[in-house]
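Trainee: could you look at this predicted model? Sequence included:
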Amino acid sequence: FRNPPQFMSYADPASRDAAYETEWVLDHLFYHKNTAPFVVHKLIQRLITSNPSPRYQHAVSHAFINGTYDGIGSATYGDMAATVAAVLLDREARSPILDSDPSFGRLREPLLMLIHLMRAMEFAPAAGLDVQ
């Protein structure tokens, strides 16, 4: 930066200033309007499906923001109990009809696919060398 932003005083730097700055940045990021949809999308992708519907994401985002889902949660912003309950108990997560849909489900991570392939082919490292 040509003129970097300055938040702390150079004349009287204190560790409490750094703590306040750090706390402010974390609060700003946590309460940002895109935090709930981002966290929710990643949770749904990891736990339920790689391609969640917009309705599903909105319902779980609502639980993250309000902190409750069907009586579960503490009614505070970002309550993970309510968010995980919304992810796991939503009708899209529990519907057996969606199991036959080819676009529903999770994709395996590339490393897990490779490990699965190596185990299926009964791979053995040559001459005592470890796979790295």
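Mentor: It's in.
Trainee: export the lowest-mean-pLDDT helix or strand in the chain as CSV, just CAs?
Mentor: The helix or strand of the chain with the lowest confidence, counting by mean pLDDT, DSSP states H and E, is helix 15-30 at a mean of 83. Presented in CSV, the C-alpha positions along helix 15-30 are these (Å, rounded to 0.1, in the frame of the first residue of the first chain):
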residue,chain,number,x,y,z
SER,A,15,-1.6,-4.5,23.4
ARG,A,16,-5.2,-3.7,24.3
ASP,A,17,-5.5,-1.8,21.0
ALA,A,18,-4.5,-4.9,19.1
ALA,A,19,-7.0,-7.0,21.1
TYR,A,20,-9.8,-4.5,20.4
GLU,A,21,-8.9,-4.4,16.7
THR,A,22,-8.9,-8.2,16.5
GLU,A,23,-12.2,-8.5,18.3
TRP,A,24,-13.8,-5.9,16.0
VAL,A,25,-12.6,-7.7,12.9
LEU,A,26,-13.9,-11.1,14.1
ASP,A,27,-17.2,-9.6,15.1
HIS,A,28,-17.5,-7.8,11.7
LEU,A,29,-16.8,-11.1,9.8
PHE,A,30,-19.1,-13.1,12.1
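Trainee: quick one: that helix to chain centroid distance?
Mentor: Centroid separation between helix 15-30 and its chain, computed with Cα atoms, centre = their mean, to the nearest Å, is 22 Å.
Trainee: which other helices and strands contact the helix or strand that comes right after it?
Mentor: Using DSSP states H and E, the helix or strand that directly follows helix 15-30 along the chain is helix 35-47. Secondary-structure packing of helix 35-47 (3 or more Cβ pairs under 8 Å, 6 or more residues apart in numbering; DSSP states H and E): helix 54-66, helix 80-89. The way it works is simple: take the backbone N, C-alpha and C, and place the C-beta from them, glycine included.
Trainee: with mean neighbour count as extra columns, can I get the ones you listed in a markdown table?
Mentor: Formatted as a markdown table, these follow (neighbours: other Cβ atoms under 10 Å):
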| stretch | mean neighbour count |
| --- | --- |
| helix 54-66 | 18 |
| helix 80-89 | 19 |
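Trainee: cool, thanks, talk later.
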